[in-house]
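Undergrad: structure for the following, please:
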Amino acid sequence: MALDEIRQVRLDKLNKLKEKGINPYPAKSSRTHTNIQAQNAFDTLVADATPVTISGRVMSLRGQGALIFFDLFDGAGRFQGLFKKDDANLDAFTLFGDTVDIGDFVEITGPVFLTRTGQKTVQVSGWTMLSKSLLPLPEKWHGLTDEEDKLRKRYLDILMNEELADRFRKRSKFWNVIREYLLEKNFIEVETPVLENTTGGADARPFATHHNALDIDVYLRISCGELWQKRLMVAGLPRTFEIGRIFRNEGISPEHAQDYTQLEYYMAYADYSIGMEMTKELYRKIANEVFEKTTFSIRGHEIDFMKEWEMYDFCEILKKHFDIDPLDENLTNETLIAKLKEAKVAFDPKEINISRGVDLLWKSIRKTLAGPGFLVGVPTYLEPLAKRSDKDGRVVERFQVILAGSEMGKGFSELNDPQDQRARFMEQQGLRDAGDDEAQMADFEYVEAMEHGMPPTFGFGLSERLFSFLLDVPIREAQLFPLMKPKEVVLSKKEAEKKYRSKKFVVIANPEEGYGVTANAIGQLGISIGGFVKEKIFDKEILHDKDGHVHYVDGLYPMTNLKGTQKQMADFVERCYEAKVQLFDFSMIMRKAHSDQEMEAGYKEVSTSEVPYIAVGALVSADFEKEFLSNLELFS
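TA: From the prediction side, this is the model:
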């Protein structure tokens, strides 16, 4: 049965309930037990002969004449119901059988008992429709099979796939374990602005929007309040964290989404060496409490969080693999481009500068490193917000967590020297001015806050990418509702006939100007009308001949060419204006004009009925054509 037919059958059942005076969508449920509570209290309920009221979605329905078995799922547990036909409840039994479908939410009341097969069951003495479903659930054993449909219709995929439902329970636990870890260490949770005048805290392209009330353009944040939380260090709140949504207007990949959840925390009077120990402790806690294990297979890498973590030196890695020193003041763009080509790394030569080229080379090596480990020794020009190393001011006190060939968190000793920070912001602004739209924006109000004094501070951030990696799934599959491009509407043949075949391209042409001129006019109008139509003009279906060559089907909007006089064309134009139908015309004024100005002047000199039309056309309804055009001959 087609989907629209199934929906109509269910609508008929809905109307039957309404005819009986039953509200198929009541606001309240009277249940006394959840399904799990009923399961756990089963022996007591049987002993006391206590009736229960439970509710949930009908997940299976098995009728056997005078018996109807069904399973209810309330989101946490399942419980079986049995409805027996007898004289006392004949009307209720009949109505249940006539109106209830798999997918409906119902409430049932009755005593519990154990079936001969050992199934805990409610023997129904009464029932209530809580929500009548109009569309069916996916087939029980296979669920949704189309990968795109799984993301578009998450609600169905989760309902039919317990493993997927468990994934999102784990996701919730993932963030709560992190939250509990920080709260136990006396951090306070804060909320910082999502809309910003300048973005900070990362190298990324932001989303931009307009704030109507203030009449200003603003950005959606690209970090979880980094510069705001560091202002709180100035304010005397020494331990803060935020778990929130961030937005980056960049490409989609298995590791990258455009809006996702991130944690950032900041701790005064600490540096990145303390942060490394906290990070190992936190990641092991996540592994144990969320996933109940410490070893993982991720992207072809075997990971053990309990082993000693590796230390990767950024500059030493690039020296070893590419024979370049990222700290060499004489390093040039040309050298980096040559090395990128040798390594077969994709890049845009116009976007290459020292920092971008060095970073691309590093990323080509990163994918080979399993971890867990820390990347250290990063050049200062790659991290404008971190404190310089006391041992070598050309690098910063920063680490990145390396896990399965990717970066799974970043922390550093925060820069708290306002003069150094100002200079680095100016350097980043120079990169932006040169065309690098991912370089950081200068936030001099933040520098001003720092000038009031900011304590030594460690900051760290991780995102939901870590969760997706520990699951070993693409990041979109670890999100409840990833953003999807709107799906093209595909109509059935019947729907397409009704929607499209009810209209036609109609062109009336005057052959008196010569068939070559007129044919050109008809072609021009066909292009104009086709460009005006927002919906698709052609079916996707194609035909193949005996040789295997492709032949496309006719347009959904047939084009009818008619022959008409100047007066008939003028009358058609007036009729279109009366009916508010978009009109297109091709005239001698247009043919002879050498510029838009000449065309405009030519039209202003004549009335609508006096325009020397060669052809006129519009997309009109079949009724319009029948009423107004039936007396015209086909163009030949």
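
Undergrad: strands along the stretch 201-350 of the chain, start to end?
TA: 208-211, 216-220, 239-247, 259-268, 295-298, 301-304, 310-313 (DSSP state E, counting those that start in this stretch).

Undergrad: what is the mean pLDDT for the third one?
TA: Strand 239-247 carries an average pLDDT of 96.

Undergrad: any residues touching that strand, and which ones?
TA: 175, 178-179, 182, 185-192, 194, 206-207, 220-225, 229, 232-233, 258-268, 463 (C-beta atoms under 8 Å, 6 or more residues apart in numbering). Where you see a C-beta, it was placed from the backbone N, CA and C, and this is true even at glycine.

Undergrad: for PyMOL, write the select line for the buried members of these.
TA: Typed into PyMOL, the next command selects the buried ones out of these (criterion: 16 or more other C-beta atoms under 10 Å):
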select buried, resi 175+178+182+187+190+192+206+220+221+222+223+224+225+229+232+233+258+260+261+262+263+264+265+266+267+268+463
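
Undergrad: isn't Val190 up against Leu232?
TA: Yes - here Val190 reaches Leu232: they are 6.7 Å apart, a contact under C-beta atoms under 8 Å.

Undergrad: okay, buried residues for the top helix by length along the chain please.
TA: When the chain is parsed with DSSP state H, its longest helix is helix 162-184. By neighbour count with 16+ other C-beta under 10 Å, helix 162-184 contains the buried residues 167, 170-171, 173-175, 177-178, 181-182.

Undergrad: list the contacts of Val46.
TA: Counted by C-beta under 8 Å, 6+ apart, Val46 has contacts 111-114.

Undergrad: that one belongs to a strand?
TA: No - according to DSSP: H, G, I helix; E, B strand; the rest coil, Val46 belongs to no strand; its state is helix.

Undergrad: how close does it sit to Thr121?
TA: For Val46, the distance to Thr121 equals 11 Å [C-beta to C-beta, to the nearest Å].

Undergrad: in contact with Thr295, which residues?
TA: 302-306.

Undergrad: show me which of those residues is closest to Arg476.
TA: Ile303 (21.7 Å; C-beta to C-beta).

Undergrad: still on that earlier bit, most tightly surrounded among the strands of the stretch 201-350 of the chain?
TA: Each of the strands of the stretch 201-350 of the chain was scored by mean neighbour count; the highest is strand 259-268, a mean of 22, by mean count of other C-beta atoms under 10 Å.

Undergrad: name the helices or strands packed onto that strand?
TA: Other elements packing on strand 259-268 under the criterion 3 or more C-beta pairs under 8 Å, 6 or more residues apart in numbering; DSSP states H and E are helix 162-184, helix 226-234, strand 239-247, strand 457-463.

Undergrad: just to revisit the earlier point, Val106 is nearest to which of the strands of the stretch 201-350 of the chain?
TA: Among the strands of the stretch 201-350 of the chain, strand 259-268 comes nearest to Val106, with 35.9 Å by C-beta to C-beta.

Undergrad: quick one, the closest one and strand 239-247 angle?
TA: Interaxial angle, strand 259-268 versus strand 239-247 (axes from the mean of the first three to the mean of the last three C-alpha atoms, to 10 degrees): 160 degrees.

Undergrad: return the distance of strand 259-268 from the chain's centre.
TA: Here strand 259-268 is found 22 Å from its chain centre; the criterion is C-alpha atoms, centre = their mean, to the nearest Å.

Undergrad: next, the angle helix 162-184 makes with it.
TA: Interaxial angle, strand 259-268 versus helix 162-184 (the same axes, to 10 degrees): 20 degrees.

Undergrad: just the CA atoms of strand 259-268, as CSV, please.
TA: Extracted as CSV, the C-alpha positions of strand 259-268 are listed here (Å, rounded to 0.1, in the frame of the first residue of the first chain):
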residue,chain,number,x,y,z
ASP,A,259,27.9,23.7,14.7
TYR,A,260,28.9,21.5,17.5
THR,A,261,29.4,21.3,21.3
GLN,A,262,32.7,22.3,22.9
LEU,A,263,34.1,22.5,26.4
GLU,A,264,36.6,25.2,27.5
TYR,A,265,37.9,25.6,31.0
TYR,A,266,40.4,28.1,32.5
MET,A,267,42.3,27.8,35.7
ALA,A,268,44.3,30.6,37.3
